[in-house]
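Peer 1: when you get a sec, could you give me coordinates for this:
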Amino acid sequence: MNYQFPKGFWWGSAASGPQTEGVFEGDGKAQNIWDFWYEEKPEKFFNEVGPDKTSQFYKKYHEDIQLMKATGHNSFRTSIQWSRLIPDPETGIVNQKAVDFYNDVIDNLLENDIEPFFNLYHFDMPMTLQEKGGWLNREVVDQYVFYAKTCFELFGDRVKKWFTHNEPIVPVEGGYLYGWHYPDEVNLKHGVQVAYHEALSSAKAIEVYHSMNLTGEIGIVLNLTPSYPRDPQNEADVKAARLVDGLFNRSFLDPAVKGEFPEDIVEWVRENDLMPETTPEDLAVIAENTIDLLGVNYYQPRRVKAKETPIEISGNSILPEDFYDVYDMPGKKMNPYRGWEIYEKGIYDTLMNIKENYNNIRCYISENGMGVEGEERFVNADGMIEDDYRIEFVTDHLKWVHQAIQEGSQVQGYHMWTCMDNWSWLNAYKNRYGFIAVDLDQEAKRTIKKSGYWFKELTENNGFN
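Peer 2: Numbering: from 1, shown residues only. Below you'll find the predicted structure:
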């Protein structure tokens, strides 16, 4: 079968500033939470590799953009680092070296016919603001809005695709429930307040963007993880899956697209004494400033069943898992390196949910990818990694994206995570995701993998057989 995609489909990849740029003497960047946490607890990071050892995009971006072109990109998403652009949020003074860097990245991308998609927040809170509570502190919302406006003023003449946050549920999960982001607390009430302030900051940045009459569009990037009940006929399983979907998907999807928080989740939060501090004025801002475009990150499904195991209260905080159990579905296909289920139809189900329940808003697949450990096992005689498993993974997902388009989804593009192997938080370089290999032992030398050449052919044909 011939899978052809619509004319002008966005083909490319996604990355982030903190995972690719690196830290260099004299670059003017201040500490963010990752720089600080690595300095404090390097043993938490795989092989003790920290954010100073990223793929050095800050120095190598000219070469990298040529490699994007060689692998068929017509678009590329990255993020601006708040701590690089405005090292001291108290003064609000911009770092001219950062402005020059981002300007040159944007101009280089455009010269090579690659459209820049820019995200504003990718888990990298400036440390001076984290010391004030980070997203717990309402003042930080206003600091973020100032930062966003600064970005629009500096780069909005050329960048036409903006995103306020990448995966805002992750700082909640990682920082306030499960210990894989700083500040490494277990406090769901704090997590709910953080989620509320992230949603508010997004709406306020959208309000500013639209007030500036720029010619682009602005949205948010959400990791939408479809929640499937163990037994669709079992009321308790269905109810548990609905709660999980509400907590991890609709809690951000509804305010972003509909301007309101889902009623069942507000009720659940209230019943469990977790209500955040809100104001009517802030809720009005959220109601009136919804997104133009939705980025959808899809990696895996959630399998859910009604709570059957005893609840273990850790400390003084409840956890979402106190209300459901993970269903370990027999026979599921797994990525053994990441411990994630591979379920290609989930990408279609997600797009159909957006079509049917979210006004069929224009969206695109902003991340999808497969992390593999020890890829050097697959190097051939010419020094190229033969990652056929990645080609198969992307192909199988694209078939379902194509099916969604046939059924009326307004999905506009597909970005893989990621362009070249990059540093990934506590995992560092444990799993590799890129179309392009990065050899840290040889000054971050780049080599295109088999999947990169395949992607070039795919995008030139705007589809595949």
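Peer 1: residue 365 looks like it's in a strand, true?
Peer 2: Yes: with DSSP: H, G, I helix; E, B strand; the rest coil as the criterion, residue 365 is located in a strand.
Peer 1: which residues touch the residue nearest to it when sequence neighbours are not counted?
Peer 2: Take residue 365 and drop its neighbours on the chain: the residue closest to it by C-beta to C-beta, 6 or more residues apart in numbering is residue 414, 4.5 Å away. In this view, the C-beta of every residue, glycine as well, is placed from N, C-alpha and C. Residue 414 makes contact with 9, 10, 11, 364, 365, 368, 398, 401 under the criterion C-beta atoms under 8 Å, 6 or more residues apart in numbering.
Peer 1: same question, residue 224
Peer 2: If you count contacts by C-beta under 8 Å, 6+ apart, residue 224 has them with 249, 253, 296, 297, 298, 350, 353.
Peer 1: backbone phi and psi for it, please?
Peer 2: phi -100, psi 120 (degrees, to the nearest 10).
Peer 1: now it. Nearest residue, chain neighbours left out?
Peer 2: residue 350 is the one closest to residue 224 (C-beta to C-beta, 6+ apart), at 4.9 Å.
Peer 1: tell me how many other residues surround that neighbour.
Peer 2: Neighbour count for residue 350, taken as other C-beta atoms under 10 Å: 25.
Peer 1: right, and it touches residue 226 too?
Peer 2: Yes: at 5.6 Å, residue 350 and residue 226 qualify as touching, with contact defined as C-beta atoms under 8 Å.
Peer 1: now do the contacts for the residue nearest in space to the middle of the chain.
Peer 2: Centroid-nearest residue in the chain, with C-alpha atoms, centre = their mean: residue 166, separated by 3.9 Å. Listed by C-beta under 8 Å, 6+ apart, the contact partners of residue 166 are 16, 79, 119, 121, 122, 123, 221, 295, 297.
Peer 1: again, 7 Å this time
Peer 2: Contacts for residue 166 (C-beta atoms under 7 Å, 6 or more residues apart in numbering) come out as 16, 79, 119, 121, 122, 221.
Peer 1: next one: residue 262
Peer 2: Each residue near residue 262 by C-beta under 7 Å, 6+ apart is listed here: 246, 250, 251, 254.
Peer 1: give me the pLDDT for it.
Peer 2: Turning to residue 262, the model gives it a pLDDT of 98.
Peer 1: and what of residue 120?
Peer 2: 99.
Peer 1: surely residue 31 meets residue 124?
Peer 2: No: Residue 31 is beyond contact range of residue 124, at 10.1 Å (criterion: C-beta atoms under 7 Å).
Peer 1: please look at residue 12 and residue 72 and confirm they touch.
Peer 2: No: at 8.3 Å, residue 12 does not count as touching residue 72 under the criterion of C-beta under 7 Å.
Peer 1: who has more neighbours out of the two?
Peer 2: When neighbours are counted by other C-beta under 10 Å, residue 12 comes out ahead of the other of residue 12 and residue 72, with 25 against 20.
Peer 1: and that one, how far is that from residue 323?
Peer 2: Per C-beta to C-beta, to the nearest Å, residue 12 is found 38 Å from residue 323.
Peer 1: residue 206 now?
Peer 2: 32 Å.
Peer 1: ok, these two, which is more surrounded?
Peer 2: More neighbours surround residue 206 than the other of residue 206 and residue 323, with 25 against 17 (other C-beta under 10 Å).
Peer 1: got the contact list for the more buried one?
Peer 2: 164, 218, 289, 291.
Peer 1: mark which of the contacts of residue 224 are buried, thanks.
Peer 2: Neighbour counting by 16 or more other C-beta atoms under 10 Å classes 249, 253, 296, 297, 298, 350, 353 among those as buried.
Peer 1: among those, which two are most distant?
Peer 2: For the buried ones among the contacts of residue 224, the farthest-apart pair by C-beta to C-beta is 297 and 353; their separation is 14.4 Å.
Peer 1: setting aside sequence neighbours, what's the nearest residue to residue 342?
Peer 2: Residue 342 sits nearest to residue 333 (C-beta to C-beta, 6+ apart), 4.6 Å away.
Peer 1: per-residue pLDDT, the one you found?
Peer 2: Predicted confidence (pLDDT) for residue 333: 97.
Peer 1: for the stretch 201-350 of the chain, just list every one of the helices.
Peer 2: Taking DSSP state H, counting those that start in this stretch, the helices of the stretch 201-350 of the chain run over residues 235-245, 251-258, 263-271, 280-288, 345-357.
Peer 1: what's the offset of the longest one from the middle of its chain?
Peer 2: Meaning helix 345-357. How far helix 345-357 lies from its chain's middle: 18 Å, per C-alpha atoms, centre = their mean, to the nearest Å.
Peer 1: right, and residue 435 touches residue 73 too?
Peer 2: No: if you go by C-beta under 7 Å, residue 435 and residue 73 don't touch, sitting 9.1 Å apart.
Peer 1: between those two, what contacts are shared?
Peer 2: Residues touching both residue 435 and residue 73 by C-beta under 7 Å, 6+ apart: residue 13.
Peer 1: quick revisit: any chance of the contacts of residue 262 in a markdown table, plus neighbour count?
Peer 2: Listed next are the contacts of residue 262 as a markdown table, based on neighbours: other C-beta atoms under 10 Å:
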| residue | neighbour count |
| --- | --- |
| 246 | 22 |
| 250 | 22 |
| 251 | 24 |
| 254 | 22 |
